[in-house]
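Trainee: what shape does this take:
(chains A and B)
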Amino acid sequence: MKPLLGLTAGLLFFCGHAAADCLTRGTGDMGIVIERAAGSLQVVDTTAHKALFRVEGLGDLSHASAVYSRDGRYAYIFGRDGGVTKVDILCGKIVTRVVQAGNSIGGAISQDGQLIAVSNYEPGGVKIFSAQDLSLIADIPATGIIDRDGKQKGSKTVGLVDAPGQRFAVSLYDSGEAWVIEMKNPTAPKIQRYTQIGALPYDALVTPDGRYYISGLFGQDGLSLLDLWHPETPPRIILQGYGRGEQMLPVYKMPHLEGWAMAGNRAFLPAVGHHEVLVVRQDDWVETGRVKVHGQPVFVMARPDGRQVWVNFAFPDNDTIQVIDTESLVVVKTLKTGKGALHMEFSPRGEEVWISVRDKDEVQVYDTDSMELMYKLPVDKPSGIFFTSRAHKTGL
Amino acid sequence: MKRKAPTATLILAITVMSGTVSAEISPVRQAEIIHLLRHDCGSCHGMRLEGGLGPALVAKRFTDWNIDQLALTILYGRPGTPMPPWRPFLTDGEAYWLATRLKEGIQP
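Mentor: Below is the predicted model of the structure:
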(Lines give C-alpha, C1' and ligand atoms only; values in the text may rest on other atoms or scores of the structure.)
Protein backbone atom coordinates (compact mmCIF):
# COMPACT_ATOMS: atom_id res chain seq x y z
CA MET A 1 0.00 0.00 0.00
CA LYS A 2 2.67 2.41 0.95
CA PRO A 3 4.31 2.74 -2.47
CA LEU A 4 0.89 3.33 -4.02
CA LEU A 5 0.08 6.07 -1.55
CA GLY A 6 3.43 7.61 -2.30
CA LEU A 7 2.74 7.42 -5.98
CA THR A 8 -0.71 9.00 -5.58
CA ALA A 9 0.72 11.78 -3.46
CA GLY A 10 3.43 12.27 -6.03
CA LEU A 11 0.91 12.52 -8.84
CA LEU A 12 -1.17 15.00 -6.89
CA PHE A 13 1.91 17.07 -6.17
CA PHE A 14 2.91 16.98 -9.80
CA CYS A 15 -0.60 17.93 -10.98
CA GLY A 16 -0.60 20.92 -8.66
CA HIS A 17 2.46 22.34 -10.41
CA ALA A 18 2.14 20.76 -13.79
CA ALA A 19 1.04 23.82 -15.73
CA ALA A 20 4.47 25.46 -15.75
CA ASP A 21 6.19 23.93 -12.76
CA CYS A 22 4.88 26.88 -10.80
CA LEU A 23 4.24 26.87 -7.08
CA THR A 24 0.77 27.26 -5.65
CA ARG A 25 1.31 29.20 -2.46
CA GLY A 26 1.40 32.71 -1.07
CA THR A 27 4.57 34.74 -1.61
CA GLY A 28 4.61 36.62 1.71
CA ASP A 29 7.46 34.53 3.06
CA MET A 30 9.48 34.53 -0.12
CA GLY A 31 12.30 36.63 -1.46
CA ILE A 32 15.23 36.74 -3.83
CA VAL A 33 18.98 36.76 -3.35
CA ILE A 34 21.16 38.23 -6.11
CA GLU A 35 24.15 36.19 -7.31
CA ARG A 36 26.23 39.11 -8.45
CA ALA A 37 29.00 37.36 -10.34
CA ALA A 38 26.87 34.78 -12.14
CA GLY A 39 24.14 37.24 -13.14
CA SER A 40 21.52 35.02 -11.58
CA LEU A 41 19.29 34.97 -8.52
CA GLN A 42 17.82 32.48 -6.12
CA VAL A 43 14.21 32.56 -5.07
CA VAL A 44 14.07 31.70 -1.38
CA ASP A 45 11.54 30.59 1.21
CA THR A 46 12.15 32.56 4.40
CA THR A 47 10.15 30.14 6.56
CA ALA A 48 11.84 26.97 5.37
CA HIS A 49 15.22 28.73 4.91
CA LYS A 50 15.79 27.14 1.57
CA ALA A 51 16.09 27.97 -2.11
CA LEU A 52 13.11 27.32 -4.35
CA PHE A 53 14.45 28.29 -7.75
CA ARG A 54 17.54 29.60 -9.43
CA VAL A 55 16.90 32.05 -12.25
CA GLU A 56 19.70 32.77 -14.72
CA GLY A 57 20.29 35.20 -17.54
CA LEU A 58 19.84 38.54 -15.77
CA GLY A 59 22.97 40.16 -17.19
CA ASP A 60 25.53 42.11 -15.16
CA LEU A 61 24.32 42.17 -11.56
CA SER A 62 27.52 43.55 -10.06
CA HIS A 63 25.24 46.28 -8.74
CA ALA A 64 21.63 45.18 -8.52
CA SER A 65 18.45 46.11 -6.74
CA ALA A 66 14.86 44.97 -6.90
CA VAL A 67 11.28 46.01 -6.25
CA TYR A 68 8.11 43.91 -6.12
CA SER A 69 4.72 44.10 -7.75
CA ARG A 70 2.02 44.76 -5.17
CA ASP A 71 0.65 41.23 -5.54
CA GLY A 72 4.05 40.00 -4.39
CA ARG A 73 4.42 37.69 -7.35
CA TYR A 74 6.82 39.56 -9.61
CA ALA A 75 10.25 40.92 -8.82
CA TYR A 76 11.77 43.61 -11.03
CA ILE A 77 15.55 43.42 -10.97
CA PHE A 78 17.67 46.38 -12.00
CA GLY A 79 21.16 45.40 -13.15
CA ARG A 80 24.36 47.31 -13.70
CA ASP A 81 24.19 46.88 -17.48
CA GLY A 82 20.88 48.71 -17.85
CA GLY A 83 18.89 45.49 -17.81
CA VAL A 84 15.46 45.38 -16.19
CA THR A 85 14.12 41.88 -15.68
CA LYS A 86 10.64 40.93 -14.52
CA VAL A 87 10.79 37.58 -12.74
CA ASP A 88 7.81 35.46 -11.71
CA ILE A 89 8.94 34.15 -8.33
CA LEU A 90 6.21 31.49 -8.16
CA CYS A 91 7.43 29.96 -11.39
CA GLY A 92 11.12 30.82 -11.10
CA LYS A 93 11.09 32.25 -14.61
CA ILE A 94 11.86 35.45 -16.44
CA VAL A 95 8.66 37.01 -17.77
CA THR A 96 10.16 39.96 -19.64
CA ARG A 97 13.57 41.52 -19.88
CA VAL A 98 14.70 44.76 -21.49
CA VAL A 99 18.13 46.36 -21.71
CA GLN A 100 17.12 49.99 -21.55
CA ALA A 101 20.41 51.83 -20.97
CA GLY A 102 24.14 51.23 -20.96
CA ASN A 103 24.62 51.50 -17.23
CA SER A 104 22.06 51.89 -14.49
CA ILE A 105 21.88 52.03 -10.74
CA GLY A 106 18.39 51.23 -9.51
CA GLY A 107 14.68 51.56 -9.84
CA ALA A 108 11.34 52.05 -8.19
CA ILE A 109 7.72 51.01 -8.60
CA SER A 110 4.93 53.59 -8.61
CA GLN A 111 2.37 54.01 -5.85
CA ASP A 112 -0.28 52.25 -7.94
CA GLY A 113 2.08 49.49 -9.02
CA GLN A 114 1.62 50.25 -12.72
CA LEU A 115 4.92 51.97 -13.52
CA ILE A 116 8.56 50.97 -13.17
CA ALA A 117 11.12 53.80 -13.14
CA VAL A 118 14.84 53.26 -13.65
CA SER A 119 17.70 55.64 -12.87
CA ASN A 120 20.52 55.50 -15.34
CA TYR A 121 24.17 56.49 -15.34
CA GLU A 122 24.75 56.02 -19.07
CA PRO A 123 23.01 57.83 -20.63
CA GLY A 124 22.09 59.77 -17.51
CA GLY A 125 18.39 60.09 -16.88
CA VAL A 126 15.23 58.30 -15.84
CA LYS A 127 13.15 55.96 -17.96
CA ILE A 128 9.67 54.87 -17.01
CA PHE A 129 8.11 51.62 -18.15
CA SER A 130 4.83 49.77 -17.92
CA ALA A 131 5.03 47.31 -15.03
CA GLN A 132 2.98 44.94 -17.15
CA ASP A 133 5.23 44.40 -20.15
CA LEU A 134 8.15 46.80 -19.60
CA SER A 135 7.20 48.88 -22.63
CA LEU A 136 8.64 52.40 -22.55
CA ILE A 137 6.28 55.12 -21.30
CA ALA A 138 8.55 58.09 -20.63
CA ASP A 139 12.20 58.95 -21.24
CA ILE A 140 13.49 61.84 -19.15
CA PRO A 141 17.10 62.80 -19.90
CA ALA A 142 19.20 64.29 -17.11
CA THR A 143 20.79 67.72 -17.06
CA GLY A 144 23.81 67.90 -19.36
CA ILE A 145 27.27 68.19 -17.85
CA ILE A 146 30.87 68.06 -19.05
CA ASP A 147 32.65 65.10 -17.50
CA ARG A 148 36.31 64.87 -16.48
CA ASP A 149 37.26 63.47 -19.85
CA GLY A 150 35.76 66.57 -21.47
CA LYS A 151 32.73 64.77 -22.85
CA GLN A 152 29.22 66.17 -22.88
CA LYS A 153 26.84 63.79 -21.15
CA GLY A 154 23.82 63.60 -18.91
CA SER A 155 24.30 63.72 -15.16
CA LYS A 156 24.18 60.38 -13.43
CA THR A 157 20.91 59.83 -11.62
CA VAL A 158 20.81 58.21 -8.18
CA GLY A 159 18.48 57.60 -5.26
CA LEU A 160 15.33 57.00 -7.27
CA VAL A 161 12.31 56.27 -5.06
CA ASP A 162 8.53 56.28 -5.29
CA ALA A 163 6.47 58.82 -3.38
CA PRO A 164 2.77 59.32 -2.74
CA GLY A 165 0.78 61.12 -5.42
CA GLN A 166 2.07 58.80 -8.16
CA ARG A 167 5.42 60.54 -7.97
CA PHE A 168 9.05 59.53 -8.24
CA ALA A 169 11.93 61.44 -6.68
CA VAL A 170 15.48 61.22 -7.99
CA SER A 171 18.80 62.96 -7.37
CA LEU A 172 21.34 64.04 -9.98
CA TYR A 173 24.88 63.23 -8.92
CA ASP A 174 26.93 65.46 -11.19
CA SER A 175 24.61 68.46 -11.36
CA GLY A 176 23.57 68.47 -7.68
CA GLU A 177 19.83 68.45 -8.26
CA ALA A 178 16.71 66.68 -7.02
CA TRP A 179 13.74 66.11 -9.31
CA VAL A 180 10.21 65.12 -8.47
CA ILE A 181 8.43 63.46 -11.37
CA GLU A 182 4.64 63.27 -11.20
CA MET A 183 3.15 60.56 -13.40
CA LYS A 184 -0.60 60.92 -12.89
CA ASN A 185 -0.83 61.35 -16.64
CA PRO A 186 1.77 58.89 -17.95
CA THR A 187 1.94 60.60 -21.33
CA ALA A 188 2.75 63.97 -19.78
CA PRO A 189 5.16 63.70 -16.84
CA LYS A 190 5.31 66.83 -14.68
CA ILE A 191 8.80 67.51 -13.42
CA GLN A 192 9.72 69.79 -10.56
CA ARG A 193 13.43 70.48 -10.62
CA TYR A 194 15.35 71.64 -7.55
CA THR A 195 18.88 72.85 -8.30
CA GLN A 196 21.85 73.34 -6.00
CA ILE A 197 20.62 70.89 -3.40
CA GLY A 198 24.21 70.14 -2.33
CA ALA A 199 27.43 68.72 -3.74
CA LEU A 200 27.43 65.27 -5.32
CA PRO A 201 24.31 63.54 -4.02
CA TYR A 202 25.29 59.84 -4.13
CA ASP A 203 22.06 58.16 -2.99
CA ALA A 204 18.77 59.07 -1.39
CA LEU A 205 15.83 57.69 0.54
CA VAL A 206 12.26 58.54 1.34
CA THR A 207 10.78 58.21 4.81
CA PRO A 208 8.31 55.32 5.23
CA ASP A 209 5.38 57.75 5.27
CA GLY A 210 6.58 59.12 1.93
CA ARG A 211 6.93 62.67 3.22
CA TYR A 212 10.65 63.44 3.31
CA TYR A 213 13.16 62.79 0.55
CA ILE A 214 16.73 62.87 1.80
CA SER A 215 19.82 62.85 -0.40
CA GLY A 216 23.21 61.90 1.01
CA LEU A 217 26.02 64.15 -0.20
CA PHE A 218 29.51 63.00 -1.03
CA GLY A 219 30.83 66.47 -1.79
CA GLN A 220 30.02 68.05 1.57
CA ASP A 221 29.19 67.09 5.14
CA GLY A 222 25.44 67.13 5.41
CA LEU A 223 22.32 65.78 3.73
CA SER A 224 19.71 67.47 1.59
CA LEU A 225 16.12 67.33 2.85
CA LEU A 226 13.04 67.86 0.70
CA ASP A 227 9.57 67.96 2.27
CA LEU A 228 7.28 66.37 -0.31
CA TRP A 229 4.25 67.78 1.49
CA HIS A 230 5.58 71.21 0.58
CA PRO A 231 7.06 71.01 -2.90
CA GLU A 232 6.95 74.82 -3.08
CA THR A 233 9.79 74.93 -0.53
CA PRO A 234 13.24 74.03 -1.91
CA PRO A 235 15.37 71.39 -0.18
CA ARG A 236 17.59 72.42 2.71
CA ILE A 237 20.78 71.01 4.17
CA ILE A 238 20.53 69.10 7.42
CA LEU A 239 23.34 67.81 9.65
CA GLN A 240 25.55 70.46 8.09
CA GLY A 241 29.19 69.99 8.89
CA TYR A 242 28.77 66.77 10.83
CA GLY A 243 32.42 65.95 10.28
CA ARG A 244 33.75 69.42 11.00
CA GLY A 245 37.29 69.52 12.28
CA GLU A 246 37.86 65.86 11.53
CA GLN A 247 40.02 64.40 8.82
CA MET A 248 37.82 62.85 6.14
CA LEU A 249 38.74 59.19 5.83
CA PRO A 250 38.89 57.45 2.48
CA VAL A 251 35.63 55.83 1.39
CA TYR A 252 36.19 52.48 -0.31
CA LYS A 253 32.52 51.93 -0.96
CA MET A 254 29.71 54.46 -1.03
CA PRO A 255 27.08 54.14 1.68
CA HIS A 256 23.61 53.12 0.59
CA LEU A 257 20.60 55.02 1.84
CA GLU A 258 18.16 52.21 1.41
CA GLY A 259 15.06 52.32 3.49
CA TRP A 260 15.04 54.31 6.61
CA ALA A 261 16.50 53.24 9.90
CA MET A 262 14.00 54.69 12.34
CA ALA A 263 13.70 53.98 16.01
CA GLY A 264 10.99 56.02 17.67
CA ASN A 265 11.43 59.51 16.28
CA ARG A 266 15.14 59.09 15.68
CA ALA A 267 16.75 58.19 12.40
CA PHE A 268 20.11 56.47 11.97
CA LEU A 269 22.21 57.44 8.98
CA PRO A 270 25.69 56.53 7.73
CA ALA A 271 28.31 59.30 7.89
CA VAL A 272 30.51 59.62 4.80
CA GLY A 273 34.25 59.62 5.38
CA HIS A 274 33.79 59.13 9.10
CA HIS A 275 33.42 55.83 10.90
CA GLU A 276 30.22 56.85 12.58
CA VAL A 277 26.49 56.37 12.47
CA LEU A 278 24.64 59.67 12.87
CA VAL A 279 21.54 59.85 15.03
CA VAL A 280 19.05 62.54 14.10
CA ARG A 281 15.75 63.63 15.64
CA GLN A 282 13.07 63.53 12.99
CA ASP A 283 10.87 66.37 14.22
CA ASP A 284 13.51 69.09 13.79
CA TRP A 285 16.33 67.19 12.00
CA VAL A 286 18.87 68.00 14.73
CA GLU A 287 21.71 65.61 15.39
CA THR A 288 21.25 64.02 18.80
CA GLY A 289 24.12 61.59 18.87
CA ARG A 290 26.76 59.64 17.05
CA VAL A 291 27.84 56.08 17.39
CA LYS A 292 31.47 55.21 16.67
CA VAL A 293 31.55 52.09 14.57
CA HIS A 294 34.07 49.68 13.11
CA GLY A 295 34.47 51.23 9.66
CA GLN A 296 32.77 53.25 6.93
CA PRO A 297 29.09 52.25 7.25
CA VAL A 298 27.41 51.10 4.03
CA PHE A 299 23.94 49.95 5.12
CA VAL A 300 22.44 51.19 8.38
CA MET A 301 19.25 49.20 8.82
CA ALA A 302 16.78 49.12 11.69
CA ARG A 303 15.14 45.92 12.79
CA PRO A 304 11.44 46.41 12.01
CA ASP A 305 10.64 47.08 15.68
CA GLY A 306 13.35 49.76 15.81
CA ARG A 307 15.11 48.31 18.84
CA GLN A 308 18.30 47.45 16.99
CA VAL A 309 20.23 48.93 14.10
CA TRP A 310 22.47 46.60 12.11
CA VAL A 311 25.41 48.08 10.21
CA ASN A 312 27.75 46.66 7.59
CA PHE A 313 30.92 48.28 6.33
CA ALA A 314 32.97 49.20 3.29
CA PHE A 315 36.21 47.49 2.30
CA PRO A 316 38.50 46.69 4.15
CA ASP A 317 36.09 46.18 7.03
CA ASN A 318 33.44 44.25 5.16
CA ASP A 319 33.99 41.11 7.20
CA THR A 320 32.17 42.70 10.13
CA ILE A 321 28.61 43.51 11.14
CA GLN A 322 27.80 45.61 14.20
CA VAL A 323 24.55 45.84 16.10
CA ILE A 324 23.62 49.10 17.85
CA ASP A 325 21.10 49.14 20.68
CA THR A 326 18.96 52.14 19.77
CA GLU A 327 18.00 52.94 23.36
CA SER A 328 21.51 53.18 24.78
CA LEU A 329 23.33 53.90 21.47
CA VAL A 330 25.87 51.26 22.40
CA VAL A 331 27.32 48.72 19.99
CA VAL A 332 26.10 45.53 21.64
CA LYS A 333 27.49 43.01 19.21
CA THR A 334 30.29 42.74 16.68
CA LEU A 335 29.92 39.78 14.34
CA LYS A 336 32.62 38.42 12.08
CA THR A 337 30.78 36.97 9.13
CA GLY A 338 33.65 36.40 6.71
CA LYS A 339 34.75 38.82 3.99
CA GLY A 340 32.22 40.59 1.83
CA ALA A 341 29.19 41.04 4.09
CA LEU A 342 27.40 43.04 1.41
CA HIS A 343 23.76 43.28 2.37
CA MET A 344 21.24 42.53 5.12
CA GLU A 345 17.51 41.95 5.01
CA PHE A 346 15.20 41.48 7.98
CA SER A 347 12.38 38.99 7.97
CA PRO A 348 9.08 40.92 7.79
CA ARG A 349 8.67 41.18 11.55
CA GLY A 350 12.35 41.12 12.37
CA GLU A 351 13.04 37.89 14.26
CA GLU A 352 15.74 37.03 11.76
CA VAL A 353 18.19 38.85 9.54
CA TRP A 354 19.69 37.39 6.38
CA ILE A 355 23.22 38.50 5.54
CA SER A 356 25.03 37.99 2.22
CA VAL A 357 28.65 36.93 2.68
CA ARG A 358 30.19 37.19 -0.76
CA ASP A 359 33.55 35.53 -0.27
CA LYS A 360 32.04 32.54 1.54
CA ASP A 361 29.42 32.05 -1.15
CA GLU A 362 26.72 31.87 1.48
CA VAL A 363 23.83 33.69 3.06
CA GLN A 364 23.90 33.57 6.86
CA VAL A 365 20.68 33.81 8.83
CA TYR A 366 20.93 35.20 12.37
CA ASP A 367 18.41 35.23 15.18
CA THR A 368 18.21 38.94 16.01
CA ASP A 369 17.58 38.40 19.74
CA SER A 370 20.41 36.00 20.47
CA MET A 371 22.45 37.32 17.51
CA GLU A 372 23.46 33.71 16.90
CA LEU A 373 23.97 32.19 13.46
CA MET A 374 21.03 29.85 12.81
CA TYR A 375 21.19 28.80 9.16
CA LYS A 376 23.44 28.99 6.14
CA LEU A 377 22.31 28.81 2.52
CA PRO A 378 24.76 28.21 -0.32
CA VAL A 379 24.56 31.13 -2.75
CA ASP A 380 27.13 32.02 -5.43
CA LYS A 381 28.70 35.42 -4.57
CA PRO A 382 25.52 36.75 -2.93
CA SER A 383 24.79 40.47 -2.77
CA GLY A 384 21.35 42.08 -2.47
CA ILE A 385 18.60 40.26 -0.56
CA PHE A 386 15.03 41.42 -1.20
CA PHE A 387 11.99 39.97 0.54
CA THR A 388 8.43 40.38 -0.73
CA SER A 389 7.51 42.39 2.36
CA ARG A 390 9.00 45.32 0.42
CA ALA A 391 6.01 45.17 -1.95
CA HIS A 392 3.90 47.31 0.37
CA LYS A 393 6.48 49.78 1.61
CA THR A 394 6.93 53.22 0.11
CA GLY A 395 10.51 53.76 -0.98
CA LEU A 396 11.43 50.07 -1.25
CA MET B 1 38.98 70.96 -24.63
CA LYS B 2 40.00 67.45 -23.82
CA ARG B 3 40.98 67.12 -20.23
CA LYS B 4 44.28 65.38 -19.77
CA ALA B 5 45.10 62.71 -17.26
CA PRO B 6 46.87 64.00 -14.16
CA THR B 7 50.50 64.92 -14.76
CA ALA B 8 51.34 67.05 -11.76
CA THR B 9 53.11 64.39 -9.79
CA LEU B 10 55.52 62.89 -12.28
CA ILE B 11 58.33 63.03 -9.78
CA LEU B 12 56.41 60.64 -7.61
CA ALA B 13 55.91 58.46 -10.63
CA ILE B 14 59.64 58.07 -10.94
CA THR B 15 59.77 56.95 -7.34
CA VAL B 16 57.06 54.46 -8.04
CA MET B 17 58.79 53.14 -11.12
CA SER B 18 62.20 52.80 -9.62
CA GLY B 19 60.84 50.82 -6.75
CA THR B 20 58.96 48.43 -8.92
CA VAL B 21 60.70 47.59 -12.10
CA SER B 22 62.06 44.35 -10.76
CA ALA B 23 59.19 43.58 -8.39
CA GLU B 24 57.93 40.05 -8.57
CA ILE B 25 54.31 39.46 -7.75
CA SER B 26 53.41 35.89 -6.94
CA PRO B 27 50.55 34.25 -8.82
CA VAL B 28 48.63 33.99 -5.54
CA ARG B 29 48.98 37.70 -4.90
CA GLN B 30 48.07 38.47 -8.50
CA ALA B 31 44.84 36.54 -8.03
CA GLU B 32 44.15 38.49 -4.84
CA ILE B 33 44.66 41.79 -6.63
CA ILE B 34 42.36 40.76 -9.48
CA HIS B 35 39.75 39.74 -6.89
CA LEU B 36 40.14 43.17 -5.28
CA LEU B 37 39.80 44.84 -8.68
CA ARG B 38 36.69 42.87 -9.57
CA HIS B 39 34.85 43.09 -6.30
CA ASP B 40 36.10 46.14 -4.44
CA CYS B 41 37.20 48.53 -7.19
CA GLY B 42 34.09 47.11 -8.82
CA SER B 43 31.89 48.76 -6.19
CA CYS B 44 32.25 51.99 -8.15
CA HIS B 45 33.74 50.92 -11.48
CA GLY B 46 31.51 47.89 -12.04
CA MET B 47 32.50 44.28 -11.54
CA ARG B 48 33.12 44.06 -15.28
CA LEU B 49 34.95 47.43 -15.15
CA GLU B 50 32.39 48.97 -17.44
CA GLY B 51 31.76 51.84 -15.06
CA GLY B 52 29.32 52.87 -12.38
CA LEU B 53 29.56 55.89 -10.14
CA GLY B 54 33.21 55.79 -11.19
CA PRO B 55 34.32 55.68 -14.83
CA ALA B 56 34.88 52.54 -16.88
CA LEU B 57 38.38 51.05 -16.53
CA VAL B 58 38.73 49.85 -20.08
CA ALA B 59 41.82 50.14 -22.28
CA LYS B 60 40.29 52.57 -24.77
CA ARG B 61 39.75 55.08 -22.00
CA PHE B 62 43.45 54.94 -21.10
CA THR B 63 44.92 55.81 -24.48
CA ASP B 64 45.93 59.24 -23.13
CA TRP B 65 47.20 57.83 -19.85
CA ASN B 66 50.59 56.32 -19.18
CA ILE B 67 51.17 53.56 -16.71
CA ASP B 68 52.75 55.89 -14.15
CA GLN B 69 49.66 58.09 -14.09
CA LEU B 70 47.46 55.06 -13.63
CA ALA B 71 49.63 53.64 -10.87
CA LEU B 72 49.68 57.00 -9.08
CA THR B 73 45.93 57.33 -9.30
CA ILE B 74 45.55 53.88 -7.79
CA LEU B 75 47.99 54.62 -4.99
CA TYR B 76 47.01 58.17 -4.12
CA GLY B 77 43.42 58.46 -5.33
CA ARG B 78 42.03 61.44 -7.17
CA PRO B 79 41.28 64.42 -4.95
CA GLY B 80 37.93 66.06 -5.56
CA THR B 81 36.41 62.77 -6.64
CA PRO B 82 35.35 59.70 -4.65
CA MET B 83 38.47 57.81 -5.84
CA PRO B 84 40.29 56.90 -2.62
CA PRO B 85 43.98 56.06 -2.18
CA TRP B 86 44.64 52.32 -2.28
CA ARG B 87 48.16 52.69 -0.92
CA PRO B 88 47.24 50.99 2.38
CA PHE B 89 46.42 47.81 0.49
CA LEU B 90 48.81 47.74 -2.45
CA THR B 91 52.57 48.14 -2.67
CA ASP B 92 54.00 50.42 -5.32
CA GLY B 93 54.96 47.35 -7.32
CA GLU B 94 51.48 45.90 -7.11
CA ALA B 95 49.90 49.18 -8.22
CA TYR B 96 52.32 49.35 -11.13
CA TRP B 97 51.51 45.76 -12.09
CA LEU B 98 47.77 46.49 -11.92
CA ALA B 99 48.18 49.71 -13.91
CA THR B 100 49.99 47.76 -16.61
CA ARG B 101 47.19 45.24 -16.78
CA LEU B 102 44.57 48.00 -16.99
CA LYS B 103 46.45 49.83 -19.70
CA GLU B 104 46.70 46.59 -21.70
CA GLY B 105 43.02 45.96 -21.14
CA ILE B 106 41.79 43.40 -18.70
CA GLN B 107 38.51 41.60 -18.33
CA PRO B 108 38.52 40.21 -14.81
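Trainee: quick one: pLDDT of residue 62?
Mentor: Using chain A here. Note for A:Ser62: predicted pLDDT of 87.
Trainee: that answer is for a different chain, and I need it for chain B
Mentor: 93.
Trainee: quick one, phi psi at the residue in chain A positioned nearest to chain B?
Mentor: In chain A, the residue that lies nearest chain B is A:Ser62 (3.0 Å; C-beta to the nearest C-beta). Using the backbone N, CA and C atoms, a C-beta is placed for each residue, glycine as well. Taking degrees, to the nearest 10, you get phi -60, psi -30 for the backbone angles of A:Ser62.
Trainee: check A:Val365 too.
Mentor: Residue torsions, per degrees, to the nearest 10, at A:Val365 are phi -110, psi 120.
Trainee: residue contacts, the closest residue to A:Glu351 other than its chain neighbours?
Mentor: Of all residues not flanking A:Glu351 in the chain, A:Thr368 sits nearest, at 6.2 Å (C-beta to C-beta, 6 or more residues apart in numbering or on different chains). Residues counted as contacts of A:Thr368 (C-beta atoms under 8 Å, 6 or more residues apart in numbering or on different chains) are A:Arg303, A:Gln308, A:Trp310, A:Phe346, A:Gly350, A:Glu351, A:Glu352, A:Val353.
Trainee: rebuild those as JSON lines, extending it with secondary structure and neighbour count.
Mentor: As requested, the contacts of A:Thr368 are exported to JSON lines (DSSP: H, G, I helix; E, B strand; the rest coil; neighbours: other C-beta atoms under 10 Å in any protein chain shown):
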{"residue": "A:Arg303", "secondary structure": "coil", "neighbour count": "23"}
{"residue": "A:Gln308", "secondary structure": "strand", "neighbour count": "24"}
{"residue": "A:Trp310", "secondary structure": "strand", "neighbour count": "23"}
{"residue": "A:Phe346", "secondary structure": "strand", "neighbour count": "22"}
{"residue": "A:Gly350", "secondary structure": "coil", "neighbour count": "16"}
{"residue": "A:Glu351", "secondary structure": "coil", "neighbour count": "15"}
{"residue": "A:Glu352", "secondary structure": "strand", "neighbour count": "19"}
{"residue": "A:Val353", "secondary structure": "strand", "neighbour count": "22"}
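Trainee: which ones are touching A:Asp325?
Mentor: A:Arg307, A:Gln308, A:Val331, A:Val332.
Trainee: ok, and the closest non-adjacent residue to the second one?
Mentor: Pointing back at A:Gln308 there. Closest to A:Gln308 by C-beta to C-beta, 6+ apart is A:Val323, at 5.4 Å.
Trainee: related to what we said a few turns ago, just the pLDDT at the residue nearest to A:Glu351, thanks.
Mentor: A:Thr368 is given a pLDDT of 98.
Trainee: I'd guess B:Leu102 is in a helix, am I close?
Mentor: Yes - according to DSSP: H, G, I helix; E, B strand; the rest coil, B:Leu102 belongs to a helix.
Trainee: that one touches B:Ala56, doesn't it?
Mentor: No - B:Leu102 lies out of contact with B:Ala56 (C-beta atoms under 8 Å); the separation is 10.7 Å.
Trainee: packing partners of the helix or strand hosting B:Gln30?
Mentor: In this structure, B:Gln30 sits in helix B:27-36 according to DSSP states H and E. Helix B:27-36 is packed against helix B:92-104, with contacts defined by 3 or more C-beta pairs under 8 Å, 6 or more residues apart in numbering or on different chains; DSSP states H and E.
Trainee: what's the angle from the helix it packs on to helix B:27-36?
Mentor: Using axes from the mean of the first three to the mean of the last three C-alpha atoms, to 10 degrees, the direction of helix B:92-104 lies 60 degrees away from that of helix B:27-36.
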